[in-house]
Every structure is written in structure tokens, then in C-alpha cells.
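1. Quick one, what's the 3D model for this:
(chains A and B)
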There are 2 protein chains.
Amino acid sequence: MSAQEKDRVARAALSRLMEPQDSVGLALVQVAGAVDALGIATGELGIGPAMEQEISAALRDGGGPATWAGLQDSLRRWAPRVADLAPDRDLETLRRLGGRLIIPGDDLWPGQLADLGLQEPLCLWWRGLEQELPSAGRAIALVGSRDSTSYGASVTGDFAFGLAQRGFSVVSGGAYGIDAHAHRGALNGGVAGLPTIAVMAGGVDRFYPSGNEDLLRAVAAQGAVISEVPPGSAPTRYRFLQRNRLIAALASVTVVVEARWRSGALNTAHHAESIGRVVAAVPGSIHSANSAGCHRLFRDGGAVCVTDVGEIAELAGAIGEFGSQDGDHNGNKERNGNKKQGAAVHDGLSLEDLILLDALPLRSTSSVEKLTVVAGLGPEAVRAGLGRLGLLGLAVSERGAWKRGKNA
Amino acid sequence: MSAQEKDRVARAALSRLMEPQDSVGLALVQVAGAVDALGIATGELGIGPAMEQEISAALRDGGGPATWAGLQDSLRRWAPRVADLAPDRDLETLRRLGGRLIIPGDDLWPGQLADLGLQEPLCLWWRGLEQELPSAGRAIALVGSRDSTSYGASVTGDFAFGLAQRGFSVVSGGAYGIDAHAHRGALNGGVAGLPTIAVMAGGVDRFYPSGNEDLLRAVAAQGAVISEVPPGSAPTRYRFLQRNRLIAALASVTVVVEARWRSGALNTAHHAESIGRVVAAVPGSIHSANSAGCHRLFRDGGAVCVTDVGEIAELAGAIGEFGSQDGDHNGNKERNGNKKQGAAVHDGLSLEDLILLDALPLRSTSSVEKLTVVAGLGPEAVRAGLGRLGLLGLAVSERGAWKRGKNA
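-> Residues are numbered from 1 along each chain as shown, chains lettered A, B, ... in the order given. This is a model prediction of the structure:
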């Protein structure tokens, strides 16, 4: 078995052992590699003080807990699931369903997930055609309420259809309401490639909720149904919230079509903003509770107001023309942008982003914490700015720390 | 007759001689004073090379034409109207209608108009109760399409009613649609003071359009109907556009309720933005052409999204708490803000505004042109920033040039 295949089996097992966004687990994998991390997590291997320090540093740089008491708590958390591990069986289940597991380093791995830093998923369980997933610049997330109005349904359907017609992949969840209308519209509009991608909170072996079973089957047949949790996993509330970061990271633009004042869609928008993706929202009547969340995003979140497909494509295009952000996991692929484009981009930067760019070291890397000091900006502003600079190829991250990118 | 009364009669005459925003005429008044300016404009007095240079400088600093060929063109423009001048008759007309003419320096003059710089009106012809016009912080402009939808009518009525109930004056034009709904709502909600102010493009002796005659009569009875052009003046297209700057300058916040992609309301919003007032807009269905202009403002103009009266009051409050901007014409009234408040404001400034503040001289004054060089910002950005700093008492203008304000 090749190292990459050993890595795949280990990540399959780890994805069952650890909940999504388990910071300590992800730091352990980052430091020890997936195969050794599995050995350590299952208690076969131990760790020395040097590795413990490295994990601690990875956690600190990756925005994890400030103090870390060691691996013991995590080992206790993982222990009850060790007996259930059967990665080969899980991989076989996916194969039987016409699917596969992809991991960082695979050609099919979407490089834009590296923008999640330490929170990049261990792997993706994937049902659908074996066809390259779109770069961020070619993917648009359409998200919103389950209890959408006829206005939301009509807008979502139109947008999804139009985006698919223009060759964009639509990214959404698998729920009723806006999610379902997004997939339906994209499937109708799809001309080539993957018209639509459903990112599930539970395992992809089950199409949940059952009322969307036929729709999700169609999505798997023409597009992709993916999840970071292994087959058989229930779609818990926690996993729904973690899943939202994947929707946000896969797309260059997250469009909230309809959302109440408190809505899961706003959580997705927040994830998108925190990694420097564009957040957009659709305006509606001020008398509609289902648009209150969108209007809130205009006020509080600085979301862009979009009213047609052309405006969305334009937002994606501003990013897409410099190619997708390829993380280091993807073998430092050459970016589409070049020096000349970089200089042009540079001119359009905000003052804050220029300050941040100046603060980025050329060769060594700098942590977010250090950048807040050097640039004199808050941590939120630094993270958002790094996301923007990253998408333009002006900044690049290495193991959670940042330096200037090739276009800088 | 006192100097102030001589000034009043001269300005009454000048307001008939010159169209609104006649830069050369306004610069002439700024340099020579209204009484001598009238003498010069009517050909009784001549000007020497020193005054010509001063006018040229006032034009340059006030954003007028870059090159100025001298007074001859303007004298030719004004000449045909000289024979018609009868300021005493015009003043008497207003008195008979229960009105008056106010000029800079009067206690009743709204100090916030000084933010228009060279474009401050010469005078205001005013029908209505002799009661102090509101400061910018207590006035909200509600503007929008003539052909408003039922949605626009309902939103405008609710907003105007609620604003008047909270003691804000509503400012709008005298047209059908949003303007009329704004006045009606405010008159219904008014508890004290001036609930609503109609700023007319033509003379206030006629209530135009005739379908709004009863409504405008009610506005004059409980609020105010004002105009910078003298009685008998027709509401020309040009005067409508110039009138919009007065609506924008009187209020701290301009709310566009409904507007098509191209609409006069967007012109008002543009005026508001250019003098650093807050521009807000109401979202609506993306399928309504009457909301397309509002959505355009969210995208292009950085308008704030407002969905209820509380949000509008909050926007006004952020400015209102530091008192209205009192121009120099108003005798350098003491501002409500003090050093301590100024420091707090200072902390909340954007990077650009901080840079601009740093570029402002403490004692001498600096032209907009010079500030663009010192601050490294474009003239648009400098003007907008000066407006914001002005409202916070951090910048103050003297004859078109700027220095630090009392709160800086």
C-alpha cells in the first residue's frame, strides 16, 4: 500500500474517531501525520514532550484554545469509539455506493479548503461522479431558511439555474427550503461539470431528510454529495454547524437568500467572512421575517447586496480571475496569477489590507497574533484580511502561520 | 436699516438674479458681501484685479471651475433679470402669506447648511410657523419615487409617523409618491416642534403640484415649506436637482425609501454623501423596479440598510449627540461636544478619516486641493471625510478652507 493509501485509511478511521473541527485531533494530525496520529489516538503509540510542545504551538497558531492541558482529555474522548473503527468497511461502503474518500494531497482535493487552516477537514466522503470539484472561484454557495417563502423559492431557483448555466457549481446543504430549491435550480440549469454540490452534516450513505431523498439522489447522480463524517454518522446539531464552514470554504461567494434574524445561514455567512470569502445577501420586504437575517447582514456584517446572477458572477469573477487559493497540502501548485496581475490587485487593496500586506514577512512566517501587533489591527480584522490577501495570492499560510504569497 | 436687514434685502434680490448654486455669484457674495455683490451684479459697481483674484481663489477652494475667465460671462447672464428686481415686493409677498426670508446670521438659520461650503444657499424663503428649524441631528430626509408602490407608501408612512413621534423633523420635497406620504405620516405623528419640512424647487407662493395643494397647505400650517428661489419662480428641472442638495444638507440621514435605477432620489443621496451625511436605503423585493435604486445604493454607494424607525434614529443619534454642525456664519456657536467626547469620537474614526484629521492644520486653514496632496486621498474622499469630521466637530471650514475643529 502506498503512503498516500495508508494516509487515506488512517484518515478514514480518524474521521470516525474525532468530531469535525476537533482542534487537538487536527493539531495532532498536523504534527504527527495521519498514520501516527491514529496510532497515538488509539493508544498504540505515546507522545514525547517535544511533540506535545509542537501540538501546543500548532493549536496556538491555529486559533485553538490558549492553554492546553495535554492529550489526556482528548484520549479519553476518543477511547469509546476505538472499538468501532473499521475504515476498510467504511471505504468499501462508499465504493459500493459509487463513491470514494478524498484526502488532502489527492488531485481531486479542493485546494480552497486549506484556507480553513487548522480547521481543514481530515477528508471528504463523496458520492457522485469522479470529476474535479470546482475551485472557489467557480463555486457559489446559496444558503437560507428551511421555511422559505415563495419569494425565496423563486429567487433561489432563478439564481441557481442561472449560475449553473454560466458554468458555476452551486454549493448548499441538504435541507428543505432554500437548500432544496438551490439544488433543483442548478440541476435544471446544469450544462457541464458539477452543477451542484450538497454538503451533508451526516454520513452520505443516507439521504437526509427523507423528503429530499429523490432530490439528493439526483444531486449524487449529476453533481456531488459530500461530508466530512463517515457513513452511518447521524446529522447532529453540532455537525450541522461545523458543516457550514465547509460550504463557506468551498465557495468564493456565500449568498444568503432568505434568513430569519437568527438562522443557521448566518452561521455559514460568519464562517465565510472569517476566512475572507465574500458574503452576499438578497434584499426583501422589511415586512418579511424571512428577510430580516439578510438585512441584518447588510447592517452588521457588511454583506454585499445582490439582486441578480450577473452581480454574483461579478463577485466571483473578481476572485476567480486570480485562480483558486491552493493550499500547501496541494503541493504548492502554481497560481494562475502572476506578478503583473498581483501589482494590479495591490492597487485596489483597502488601506487596512495594504498595512497587513506590509506586515507580512517575505520568507519567514508570522502568526496571526504577531500580525495583530505588527499591523496594529484586531485579530478579527487580521484573519479577514489574510483571507482576502490569500485569495489574491498576496498571502500564503504554512501550518497556520502566514507570509507573503507569490503575487505580492 | 440695520446691516443685517440691508443684507436681507440684497440677498432677496440676488436670489432672483442668480440661479441656485451659481458658483461665480456665490463666490462674489463670499468675497464682496451681499450688498456690494448686488451692486456689482447689477453693474452699479465694478471690481478690481485684487477682488477678481479673491473670487478666483474662492471658486478654486469651493470646488468651482478650475479656470475662470472673469466676471463678464456672469454679468451677461444676470443682466436680463436686473430690470425685474423688486426685493421689497417679494419680501412683502411672503409676509402676506405668513412667511419670511431668513439669511445666514439669523438665529433661525439652520447652521448645518454651512456644510455645503460655497454652495450654501443665499437665503431661504419660508412659509410656516416662525419656529426654529431643526439641527441636522434632529432632521431625517425621506425621499423616493413619485410613482411609489403600496409597499413604498406603507413604509414611508410608518417611518414618517414614527420619526415625528420621536421628535424628529421629516424633510422631503413636495412631489407625489414618497414625498407626499412622508409629509402625511409626519403630520399624523407630530407631537411638537416642526414635524415636517417641504423643500420646494419653485417659489413657496405656489403649492406645486396642484394635487398636493391641500397637503402642502397643511405642511405650511404645522411645519415649514421652504425654498431658495423667490416667490413666482417656476420649479424647473435644474432647480429640482439643486433643491436636492438642501434636503440632503438639512438632515443628518437621508433615507431613500423607493427609487428606480435612475431616480432623482439617488441625486439627493449623492448630495448627502458628498457632504458626509449618512445615506440609508430601504430594501425591497428584487423583482420590484421601484427598489432597484435602493439596492444600487447598497452596492455602489455604501448606503446603510434600514428596516425600522429605531435603526434610523440610531443613525441620527450617532451624529446628534455631538450637536449640530454650526457653520461660521452662525457666529461660531459653542458646540455640544467637548474635548473628552472628541477623544472618544476620534477612537471610532476610520483609518482614512484619521489620516485626514492628521493632515488638517491646527490654526491656519488648508484647501481641499492641498489636503488631497497632504493626506494622499482623492478629492471625493477628502470632501466626504471633511463632512464626517465636520459633523463630529473635528474639522471646521472657514470660507471654503478647513482646519481642525474644537473637538479635535
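2. who in chain A is up against chain B?
-> A:151, A:155, A:282-287, A:291-292, A:294-295, A:298-299, A:304-308, A:311, A:351-352, A:355 (Cβ under 8 Å from any Cβ of the partner chain). All C-beta spots, glycine's among them, are computed from the backbone N, C-alpha and C.
3. how about the strands of the stretch 1-150 of chain A, start to end?
-> Along the stretch 1-150 of chain A, counting by DSSP state E, counting those that start in this stretch, strands occupy A:99-102, A:124-128, A:139-144.
4. Averaged pLDDT, the shortest one. What do you get?
-> For strand A:99-102, mean pLDDT rounds to 97.
5. which secondary structure elements does that strand contact?
-> Contacts defined by 3 or more Cβ pairs under 8 Å, 6 or more residues apart in numbering or on different chains; DSSP states H and E place strand A:99-102 against helix A:3-17, helix A:87-96, strand A:124-128.
6. Dump those into a markdown table; add mean pLDDT and distance to residue B:86 as well.
-> Formatted as a markdown table, the helices and strands packed on strand A:99-102 follow (pLDDT from 0 to 100; distance: least, Cβ to Cβ, whole Å):
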| stretch | mean pLDDT | distance to residue B:86 |
| --- | --- | --- |
| helix A:3-17 | 97 | 89 |
| helix A:87-96 | 97 | 92 |
| strand A:124-128 | 97 | 83 |
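7. Tally up the residues packed near the closest residue to chain B within the stretch 1-150 of chain A, please.
-> With Cβ to the nearest Cβ as the measure, residue A:149 is the residue of the stretch 1-150 of chain A nearest to chain B, at 10.8 Å. Residue A:149 has 17 neighbouring residues, counting by other Cβ atoms under 10 Å in any protein chain shown.
8. Who are the contact partners of it?
-> By Cβ atoms under 8 Å, 6 or more residues apart in numbering or on different chains, residue A:149 lies in contact with A:258, A:288, A:290.
9. before we move on, what about residue A:68?
-> So residue A:68 contacts A:24, A:55-56, A:59 (Cβ under 8 Å, 6+ apart).
10. Can you show me the CA trace of stretch A:128-148 as CSV?
-> Provided in CSV are the C-alpha atoms of stretch A:128-148 (Å, rounded to 0.1, in the frame of the first residue of the first chain):
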residue,chain,number,x,y,z
GLY,A,128,-21.2,11.3,-7.1
LEU,A,129,-19.3,11.4,-10.4
GLU,A,130,-15.5,11.2,-10.1
GLN,A,131,-15.0,14.7,-11.6
GLU,A,132,-12.8,17.5,-10.3
LEU,A,133,-14.6,19.6,-7.6
PRO,A,134,-14.7,23.3,-8.6
SER,A,135,-12.1,25.8,-7.4
ALA,A,136,-13.5,28.5,-5.1
GLY,A,137,-13.8,30.9,-8.0
ARG,A,138,-16.2,28.6,-9.8
ALA,A,139,-18.4,27.7,-6.8
ILE,A,140,-21.2,29.8,-5.3
ALA,A,141,-22.9,28.9,-2.0
LEU,A,142,-26.7,29.5,-1.9
VAL,A,143,-28.0,29.2,1.7
GLY,A,144,-31.0,30.1,3.7
SER,A,145,-34.0,29.1,5.7
ARG,A,146,-35.8,25.8,5.7
ASP,A,147,-39.1,27.6,5.9
SER,A,148,-38.6,29.7,2.8
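11. What residues of that stretch count as buried?
-> A:128, A:133-146, A:148 (16 or more other Cβ atoms under 10 Å in any protein chain shown).
12. one step back: would you mind putting the helices and strands packed on strand A:99-102 into TSV with distance to residue A:194 alongside?
-> Output for the helices and strands packed on strand A:99-102, formatted as TSV (distance: least, Cβ to Cβ, whole Å):
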stretch	distance to residue A:194
helix A:3-17	22
helix A:87-96	17
strand A:124-128	7
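13. so after the helix or strand bottoming out on mean pLDDT in chain A, what's the next helix or strand?
-> Within chain A, no helix or strand scores below helix A:339-347, which has a mean of 38 by mean pLDDT, DSSP states H and E. Following helix A:339-347 in sequence order, the next helix or strand is helix A:351-359 (DSSP states H and E).
14. For that following helix, which residues meet the burial criterion?
-> Neighbour count says helix A:351-359 has A:352-357, A:359 buried, by 16+ other Cβ under 10 Å.
15. Show me which of these is closest to residue B:274.
-> residue A:352 (23.9 Å; Cβ to Cβ).
16. can I assume the closest one is in contact with residue A:388?
-> No - contact between residue A:352 and residue A:388 fails when scored by Cβ atoms under 8 Å: they sit 9.5 Å apart.
17. Name the stretch among the helices and strands packed on strand A:99-102 that sits most buried.
-> Mean neighbours per residue, mean count of other Cβ atoms under 10 Å in any protein chain shown, is largest over these for strand A:124-128, with a mean of 25.
18. in the stretch 51-200 of chain A, which segments are predicted with low confidence?
-> Low-confidence segments of the stretch 51-200 of chain A (pLDDT under 70): none present.
19. do the stretch 301-408 of chain A as well
-> Filtered on pLDDT under 70, the stretch 301-408 of chain A yields the residue ranges A:301, A:318-351, A:373, A:376.
20. Tell me which residue in it sits closest to chain B.
-> For the stretch 301-408 of chain A and chain B, the shortest gap (Cβ to the nearest Cβ) falls at residue A:305, measuring 3.6 Å.
21. Find the residue closest to that residue in space, skipping its chain neighbours.
-> Nearest non-adjacent residue to residue A:305, counting by Cβ to Cβ, 6 or more residues apart in numbering or on different chains: residue B:298, 3.6 Å away.
22. tell me the contacts of that neighbour?
-> A:283, A:298, A:304-305, B:281, B:283, B:305.
23. Regarding it, what is its secondary structure?
-> Following DSSP: H, G, I helix; E, B strand; the rest coil, the label given to residue B:298 is helix.
24. For it, report the pLDDT, please.
-> 92.
25. So it versus residue A:186, what's the distance?
-> According to Cβ to Cβ, to the nearest Å, residue B:298 stands 26 Å off from residue A:186.
26. And for residue A:262?
-> Taken as Cβ to Cβ, the span from residue A:262 to residue A:186 is 27 Å.
27. repeat for residue A:77
-> Residue A:77 is 38 Å from residue A:186, by Cβ to Cβ.
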